[in-house]
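# got a sequence here, can you build the structure:
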Amino acid sequence: MSDGQRLADIKEILELLYEKLGEFEKELAISNSTPAKFELKHKIKREILPDIRRYEAEYWELYPIETIIISNEEAETQLAQLEQAVESIERIPQTEYPAQLIPLLQDIRAKLDEGDKAASAKLKVTLPLIPLLASYELEMDTEGVMHKTWKTIKRLVRR
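Sure thing, here's the model as predicted:
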């Protein structure tokens, strides 16, 4: 199977997973039953988010980064939002998030701190890490800054 076909397959799977996540979140918002809410949160955390994380990581590993055309101005805006999202996660005590998140935050921070690269180049090298951070952030029930940033960046990249 070609990378292009695999990318198309993964994109379709991700759309289904995001739809499933949306339905679970709607049900969570309208449910009055504490046991039902607990079960829904558990399904989201244990079943849906790990799959999203895995498929997003594979997608961005296969995505041809060289085909992404994004202006330095747009990239600077997105990098500023990404920086804010990383800072918001870093403010959370480390005991409250998964240990796997620490190296991801460090990798993103290192890529953001590379002073000699243009903003568009920095954004491109951080792309494979952003969805992983965003899905962990969703799992941690934060204000969703990283997730919102990721949604914006995805729209820019997939034009």
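# can you give me the buried ones in the helix or strand harbouring Glu27?
Assigned by DSSP states H and E, Glu27 falls within helix 3-30. By neighbour count with 16 or more other CB atoms under 10 Å, helix 3-30 contains the buried residues Leu7, Ile10, Ile13, Leu14, Leu17, Lys20, Leu21, Phe24, Leu28. C-beta here means a position set from N, CA and C on the backbone, and glycine is covered the same way.
# just checking, next helix/strand downstream of it?
Next helix or strand after helix 3-30 toward the C-terminus (DSSP H and E): helix 34-43.
# domain ranges for this protein, per the record?
The record assigns the chain these domain ranges, following automatic domain parsing: 1-63, 69-159.
# weakest of the ones you listed in terms of mean pLDDT?
Set side by side, the domains of the chain differ in mean pLDDT, and domain 69-159 is lowest with a mean of 81.
# that one: how far from the chain's middle?
Mean C-alpha position of domain 69-159 versus that of the full chain (CA atoms, centre = their mean, to the nearest Å) differs by 8 Å.
# so where do the strands sit in the chain?
Taking DSSP state E, the chain contains no strands at all.
# returning to that earlier point: same for the helix holding Glu27, what does it pack against?
helix 34-43, helix 49-62 (3 or more CB pairs under 8 Å, 6 or more residues apart in numbering; DSSP states H and E).
# so how far is the first residue of stretch 95-106 from its last?
16 Å (CA to CA, to the nearest Å).
# that stretch: which residues count as buried?
Using 16+ other CB under 10 Å as the test for burial, stretch 95-106 gives Tyr97, Leu101, Leu104, Leu105.
# which members of these are positioned in helices?
Secondary structure from DSSP state H places Leu101, Leu104, Leu105 of the buried residues of stretch 95-106 in helices.
# could those residues go into JSON lines alongside distance to Leu133?
Written out in JSON lines, the entries for these read as follows (distance: CB to CB, whole Å):
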{"residue": "Leu101", "distance to Leu133": "7"}
{"residue": "Leu104", "distance to Leu133": "5"}
{"residue": "Leu105", "distance to Leu133": "7"}
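# which of those sits closest to Asp3?
Leu104 (24.0 Å; CB to CB).
# okay, the spatially most central residue of the chain and Leu49: tell me how far apart.
The centre of the chain sits closest to Pro131, judged by CA atoms, centre = their mean, with a distance of 2.2 Å. Note on Pro131: its distance to Leu49, by CB to CB, to the nearest Å, is 11 Å.
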